[in-house]
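Student: quick one, structure for this:
(chains A and B)
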Amino acid sequence: MFDFLYGYGPSLLEGGLLTIILSIVSLFIASVLGLITAFMRLSKIRFLEIIGLVYTTVIRGIPELVMMLLIFFGGQVLINKTVQSLGFDVYIDINPFLSGSMTIGLIFGAYMGETFRGAYLAVPVGQIEAARSCGMNNWKLFKRILFPQMTRHALPSFGNNWLVLVKSTALVSVIGLEDVVRKADLAGGSTHKPFNFWIACALIYLLITSVSNRIQKALEERYNIGFQESEA
Amino acid sequence: MSFSIILDNWKLYLEGVILTLQLVPLSLLFGFTLALPLSVLRVSKNKVLNLPVYWFTYFFRGTPLLVQMFLFYYGLSQFSFIRDTFLWGFFKDPYKVALLSFSLNTAAYTTEIFRGAIERLPIGQIEAAKACGMSRWTMLKRIIFPIALRNSIPAYGNEVIFMLHGSSIAGLITLVDITGAARIVYARYFAPAEAFITAAILYLILTFTIVWLFRLLEKRFLSYLKI
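Tutor: Now for the predicted structure:
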């Protein structure tokens, strides 16, 4: 194994760890944004509804790589111009981890918004009315009625978004993050054995996606208890 | 924002649009053609036929397109049987490598889309076809594909958009597609907002065109499903 990787195994694993951490941080951002977007699109306030619609439509129409380059390089220029116009003579470097996770979170927030909106619409309206008539406030309604049922409906699409998200983190190597793709690139270049490292890199992604699939299946089973027959 | 930069470089962007409009439809065409037989093998109950296709789709759907492209472009150059033979003419050309990796990638996703559609066919349709005495080939041609392909249209529309967006990585192996053009403009003028927003708008236009085309297709082929 280590002969195959010429001693670069630990470095590759380090990159894999960064990929996983970046994915989880981005997933968190995407979920929060997604929830906000879903409720904006479902709200009766026309203005919020339109903002939610524009966000999900525009973001899903632009490639991840272009968004990432725009936010990373464009954000850098924007921040520095702002700082300089305020009279400070400093140059600020944007942290690639921050802008990478923000970009991926921003993109997948749009997909999550659609996921959560669909899940909300799948909860029977009578349940929401019943909760209201029991005197639950918004938070209790969400915690006790909406969340448990939305989870069941959202899980398949949520899991799918997660898999697409993990794969799109491969693009952060372009803005200089030392993820598993970057590590494979460096190791392949210095050993002149690029094939070994690209295969190893692919296998690390396969491992992540396989484990994710298992977890998703288990979660789906857990949240489908009591619905097995009607869902089959 | 100074949009004179974009006006001065419209030819570069046009070149990018043309390349994207070559890469994406060609990959989709190859991928689609490959996915038709693969999906039939994939639903086969014979393990010898179905397992290799399963591994193929598992690998290509479980790893990033970027890694697949690098594996073909940089990885294969490691082997002398590729470097020293006619194969090198193929694998040193970034255009061909991009086309190859995109085609295989979309073939994997499309195979799974078709598989789902075939497996969701009502069993009665197959039984009726068999009762009429159709051979396997006639059944595929007359019953299975016409229905399964129609039902795949919405999912395939998403796949086409994913392929368009996925193709933006072609610029990373020196090709000048839309994103590649934007990166050149950015590097030349250090104007990231102008360069990348222009690319984003071009992709948005293409995406909306695809969405509109698929809506037409659905209207034409799936109108019987609308109540």
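Student: chain center to the lowest-mean-pLDDT helix or strand in chain B: distance?
Tutor: Between all helices and strands in chain B, the lowest mean by mean pLDDT, DSSP states H and E belongs to helix B:80-83, at a mean of 82. The chain centroid and the centroid of helix B:80-83 are separated by 28 Å under Cα atoms, centre = their mean, to the nearest Å.
Student: other SSEs contacting that helix?
Tutor: Judged by 3 or more Cβ pairs under 8 Å, 6 or more residues apart in numbering or on different chains; DSSP states H and E, helix B:80-83 is in contact with helix B:87-91. For the C-beta atoms, the positions are set from N, CA and C on the backbone; glycine is no exception.
Student: buried residues, the following helix or strand past the helix it packs on. List them.
Tutor: Remark: after helix B:87-91, the chain's next helix or strand is helix B:94-119, criterion DSSP states H and E. Under the neighbour-count criterion of 16 or more other Cβ atoms under 10 Å in any protein chain shown, helix B:94-119 has B:94, B:97-115, B:117-118 buried.
Student: what sits up against the very next helix or strand once past helix B:94-119?
Tutor: Counting by DSSP H and E, the next helix or strand C-terminal to helix B:94-119 is helix B:123-131. With Cβ atoms under 8 Å, 6 or more residues apart in numbering or on different chains as the test, helix B:123-131 has contacts from B:138-139, B:142-144, B:147.
Student: for the least confident helix or strand of chain B, list the C-alpha coordinates in PDB.
Tutor: Output of helix B:80-83 as PDB, limited to C-alpha atoms (Å, rounded to 0.1, in the frame of the first residue of the first chain):
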ATOM      1  CA  SER B  80       4.800   3.600 -21.500                       C
ATOM      2  CA  PHE B  81       2.400   1.500 -23.400                       C
ATOM      3  CA  ILE B  82       0.300   4.600 -23.800                       C
ATOM      4  CA  ARG B  83       3.100   7.100 -24.200                       C
END
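Student: give me the contacts around it.
Tutor: Contact with helix B:80-83 is made by B:76-77, B:87-88, B:91, as judged by Cβ under 8 Å, 6+ apart.
Student: from B:Val211, how far off is A:Arg214?
Tutor: For A:Arg214, the distance to B:Val211 (Cβ to Cβ, to the nearest Å) stands at 34 Å.
Student: who has more neighbours, those two?
Tutor: Higher neighbour count among A:Arg214 and B:Val211: B:Val211, with 16 against 9, using other Cβ atoms under 10 Å in any protein chain shown.
Student: what does chain B put close to chain A?
Tutor: B:58-59, B:62-68, B:70-71, B:74-79, B:164-169, B:172, B:179, B:182-183, B:186, B:190, B:192-193, B:196-197, B:199-200, B:203-204, B:207-208 (Cβ under 8 Å from any Cβ of the partner chain).
Student: quick check: longest helix of the chain.
Tutor: This is for chain A. For chain A, the longest helix by residue count, based on DSSP state H, is helix A:9-42.
Student: if you could check chain B rather than the one you did, that'd help
Tutor: helix B:10-42.
Student: which residue ranges of chain A form helices?
Tutor: A:9-42, A:46-59, A:64-69, A:75-85, A:96-122, A:125-133, A:138-140, A:147-168, A:180-191, A:194-223, A:228-231.
Student: ranking those by burial, who's on top?
Tutor: helix A:64-69 (a mean of 25; mean count of other Cβ atoms under 10 Å in any protein chain shown).
Student: where in chain B is pLDDT low?
Tutor: B:1, B:226-227 (pLDDT under 70).
Student: wait, I meant chain A
Tutor: A:1-2, A:228-232.
Student: give me the contact list for stretch A:32-50.
Tutor: In contact with stretch A:32-50 (Cβ under 8 Å, 6+ apart) are residues A:51-53, A:55-56, A:105-106, A:108-117, A:120-121.
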